[in-house]
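Novice: Sequence and predicted model, in that order:
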Amino acid sequence: MTAPQPVPPSADALAALALLRQVRAAAESGVKPKQVLVSATAEAPPKEAALAELLRIVSASYPATGIDLLCETGLAGRLLPEVERLRQMPVAGVRHKDVYRHTLLVVMHTAPDPTLRMAALLHDIGKPATMRVDGGSVAFPGHAEVGAEMARRRLRRLGAARELSEAVMLLVALHLRANSYEDSWTDSAVRRLDREAGEQLERLLALSRADVTSARREAVERALRRVDALEARIAAVRTQDVKPESPLDGHALMTLFARPPGRWIGVIKDRLEAMVEAGELAANDVERATAIAQELLTEAKIADAL
């Protein structure tokens, strides 16, 4: 049976793609068209090409210009409606920052890494759905978790690779955690965040630093010191958790001394590991470790333990 042929994009979809590429050019140059064009079609550009262009726009030198144009042309409403909703959030009469403008600042303050920039663009998209107003004060309970799921669904609809979707979802889900760090955190809490962030830890810390956009300098400096302290604490805990390794493992010891498995292996390895931890033996010094192991085998107190 002949495989079905892919349906070519319609003229309207190609027109929307051409407009999207104009937006990308503006994001790269920083210059908006003299007359902002508005998409004349309700059809979205082809999915695969659209995602590629969006990643180029957020990674460009002037991403805010591109994101603004996405909204002004109507393309954001079709491709990233969550971002358009941020732009439409009310700011008058309530005490909270303009979430859309804050988002643009966060994107601009991150490195031009497509994954990091996309996470920056989407990090607060859960706020419209979780917004609670009480006496003029505003809160967004659970917006990180809600936004993470929204980001996952949106990127899936755009045809993003699983690696990109999962990385962005994780960064959105965890983006508040680093900025909430306190010295009172236990080592277990630090390990848990390090484990959850995994390979995305560096991006998470970068996003957390970029997320500090207060107009008050002392607040910014305090928040940045908090993220720096967390980064240093993670490094310290990682160092603390590194178990020194003996230059000789059990198989090597059995081969060297032609002895069967037994408690003697643990006795010798424990001593060698302790010497490595104390700086008395290099972890790769097999020759000296062999000599030390031989001495241990002949010591009466070790022999009694075998």
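Specialist: That came through, no problem.
Novice: can you give me the helices in the stretch 151-300 of the chain?
Specialist: Using DSSP state H, counting those that start in this stretch, the helices of the stretch 151-300 of the chain run over 162-174, 187-197, 201-210, 217-241, 250-257, 263-277, 286-298, 300-305.
Novice: Give me the helices and strands touching the fourth one, please.
Specialist: With contacts defined as 3 or more Cβ pairs under 8 Å, 6 or more residues apart in numbering; DSSP states H and E, helix 217-241 has these neighbours: helix 187-197, helix 201-210. Quick note: C-beta positions are derived from backbone N, CA and C, even for glycine.
Novice: The shortest one: which residues count as buried?
Specialist: Applying a neighbour-count criterion of 16 or more other Cβ atoms under 10 Å, the buried positions in helix 201-210 are 201, 203-210.
Novice: Helix 187-197 and that helix, what's the angle between them?
Specialist: On the basis of axes from the mean of the first three to the mean of the last three Cα atoms, to 10 degrees, helix 201-210 is oriented at 100 degrees to helix 187-197.
Novice: heads up, I number from 35, so please use that
Specialist: Okay, residue one is now 35; in that scheme the one you just asked about reads as helix 235-244.
Novice: which residues touch helix 235-244?
Specialist: Residues outside helix 235-244 that contact it (Cβ atoms under 8 Å, 6 or more residues apart in numbering): 139-141, 143-145, 147, 149-150, 153-154, 157, 201, 204-205, 208-209, 211-213, 228, 231, 258, 261, 264-265, 268.
Novice: Buried ones among those residues?
Specialist: By neighbour count, with 16+ other Cβ under 10 Å, the contacts of helix 235-244 hold 139-141, 144, 149-150, 153-154, 157, 201, 204-205, 208-209, 211-213, 228, 231, 261, 264-265, 268 as buried.
Novice: now residue 210: how far from residue 261?
Specialist: 12 Å (Cβ to Cβ, to the nearest Å).
Novice: Apologies, that question was intended for residue 224.
Specialist: Taking Cβ to Cβ as the measure, residue 224 falls 13 Å from residue 261.
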